[in-house]
Every structure is written in C-alpha cells, then in structure tokens.
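**Student:** predicted structure and sequence below. I'll ask about it afterward.
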Amino acid sequence: MQKPRGGGIGGFAAMKLLVFYIVFVAIGEAIAYVAGRTVEVWSPATSLPVFLSLFFFMLWAAWRLAVKVP
C-alpha cells in the first residue's frame with residue numbers, strides 16, 4: 001500500500017476521524033440540549049444563549065477530541 005502524497009492521511013484514517021467526530025458531536029449536542037432544557041425551567045430567556053454557547057463549544061471540543069483519539 002502506498003502512502004498518500006502531500007503528507008495527507010489515508011482513507012481509513014480519515015474515515016475513522018470522521019466517525020469519532022460524529023460520535024463526539026452527537027454526545028455533546030445531547031448534553032447541550034439537556035442543559036438548555038434545564039436552564040429553561042428557571043429562565044426561558046437564558047436557555048437559548050446557554051444552548052447556543054454549548055452547541056458551538058461542542059463542535060470545537062468534538063474536533064479536538066477526535067484528532068487526539070489514536
């Protein structure tokens with residue numbers, strides 16, 4: 001099997017990275033949803049900023065975690 005040109009990663013490694021990213025995003029977004037719904041009980045106006053903050057944070061954190069998984 002040849003190494004990819006240009007210093008890229010192979011097809012299997014790229015697919016593995018995407019699978020881990022999708023799994024981490026799904027878990028993170030479930031956490032963001034639960035946190036948003038929990039905050040909505042106390043303050044409906046605050047739940048949207050909390051959810052959106054966690055939503056975008058989880059996208060970033062999921063990528064960082066997926067890259068570190070061997």
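**Tutor:** Sure thing, it's come through.
**Student:** and the helices in the protein, which stretches?
**Tutor:** 11-42, 44-68 (DSSP state H).
**Student:** now those helices in a markdown table, with mean neighbour count?
**Tutor:** For every residue, glycine as well, the C-beta is placed using N, CA and C. As requested, the helices of the chain are arranged in a markdown table below (neighbours: other Cβ atoms under 10 Å):
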| stretch | mean neighbour count |
| --- | --- |
| helix 11-42 | 14 |
| helix 44-68 | 14 |
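**Student:** so can I have TSV of those helices showing mean pLDDT?
**Tutor:** Formatted as TSV, the helices of the chain follow (pLDDT from 0 to 100):
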stretch	mean pLDDT
helix 11-42	94
helix 44-68	95
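**Student:** how close does residue 18 sit to residue 64?
**Tutor:** 15 Å (Cβ to Cβ, to the nearest Å).
**Student:** tell me the contacts of residue 39?
**Tutor:** Residues counted as contacts of residue 39 (Cβ atoms under 8 Å, 6 or more residues apart in numbering) are 46-47, 50-51.
**Student:** and the residues you listed, which is closest to residue 32?
**Tutor:** Of all the contacts of residue 39, residue 32 sits closest to residue 51, with 5.7 Å by Cβ to Cβ.
**Student:** what's the closest of the contacts of residue 39 to residue 34?
**Tutor:** Nearest member of the contacts of residue 39 to residue 34, counting by Cβ to Cβ, is residue 51, at 9.8 Å.
**Student:** ok, and the closest non-adjacent residue to that closest one?
**Tutor:** Nearest residue to residue 51 in three dimensions, chain neighbours excluded: residue 36, at 3.2 Å (Cβ to Cβ, 6 or more residues apart in numbering).
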